[in-house]
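> sharing a sequence plus its predicted fold:
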Amino acid sequence: MNAAACFLGGWAAGVLLEYLLHWIMHRRSLGFHLHHHREFFHLPPKRVALNTLDPRLDLVFFAGVLAALAPLMFVWTWWLVVLFWAGMLWHVVLVYEACHALMHHDAWLPAFWRESRGYRWWKGCHFEHHFHAPAGNYSVTCPWLDWIFGTYVRPRAAYPPRPHPQRKPAGDADTVPDEPAAANGA
Ligand SMILES: [Zn+2]
Ligand SMILES: [Zn+2]
């Protein structure tokens, strides 16, 4: 198998891993992720974006993934295993983290980009997850995966501006009830 195919295979595995990890974060109500959902309503977008970046957690996690993949080195060439791992790392630590931070803080993007249909849909999928559908739209980078797995929720035309102190997290704090104003604006 050639090196590029191995890296791309790792990248595809990283896209699936992103979906799975986000699903687990909600199924197991992992505190740091629910914290991100709470902050979303109460902190300025730039702060929310910066707070999501945690390179230390990423690196510790991927050292663990490498250790889990290590036995494959006995049946596969070691550098192919490392390339596969590097493809996963590339997606989760760089592509995913950059895309997630970008959609939370995109005021610096040119207006034509921010207002484009494709970008609004892509970002809207994650905002729908934050505003109304914590049990849907688990993939931040590739919402098509949610469509395949049956967890896709179509984004609305618009979302209220944030910080939004009136919107209090309810229950387990990973969702908030709809507001009449938001519903009317949809
Ligand atoms: Zn988010
Ligand atoms: Zn979430």
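Okay, I see it. Ligands and ions are numbered 1, 2, ... in the order given.
> got the buried residues for the lengthiest helix in the chain?
In terms of residue count, the longest helix belonging to the chain (DSSP state H) is helix 3-27. Under the neighbour-count criterion of 16 or more other CB atoms under 10 Å, helix 3-27 has 6-7, 9-11, 13-15, 17-19, 22, 25-26 buried. For glycine as for every other residue, the C-beta is placed from the backbone atoms N, C-alpha and C.
> what's it packed up against?
Other elements packing on helix 3-27 under the criterion 3 or more CB pairs under 8 Å, 6 or more residues apart in numbering; DSSP states H and E are helix 31-42, helix 78-89, helix 144-149.
> the same query, at a cut-off of 10 Å, please.
helix 31-42, helix 55-69, helix 78-89, helix 97-104, helix 144-149 (3 or more CB pairs under 10 Å, 6 or more residues apart in numbering; DSSP states H and E).
> out of the ones you listed, nearest to E115?
Closest approach to E115 among those (CB to CB): helix 97-104, 14.2 Å.
> now the closest one: mean pLDDT?
Per-residue pLDDT over helix 97-104 has a mean of 95.
> which residues of this structure score low on pLDDT?
In the predicted model, the chain carries pLDDT under 70 at residues 1, 164-186.
> from V95, how far off is the residue nearest the centre of it?
The centroid of the chain falls nearest to V140 when counting by CA atoms, centre = their mean (3.7 Å). Applying CB to CB, to the nearest Å, the value for V140 to V95 is 10 Å.
> what touches both of the two?
Each of E18 lies in contact with both V140 and V95 under the rule CB atoms under 10 Å, 6 or more residues apart in numbering.
> contact partners for the nearest residue to M73 once chain neighbours are set aside?
Counting by CB to CB, 6 or more residues apart in numbering, M73 lies nearest to V81, which is 5.0 Å off, once chain neighbours are set aside. By CB under 10 Å, 6+ apart, V81 lies in contact with C6, G10, L66, L69, A70, P71, L72, M73, F74, V75.
> so the third one touches L83, yeah?
What it means is L66. No: judged on CB atoms under 10 Å, L66 makes no contact with L83 at a distance of 11.8 Å.
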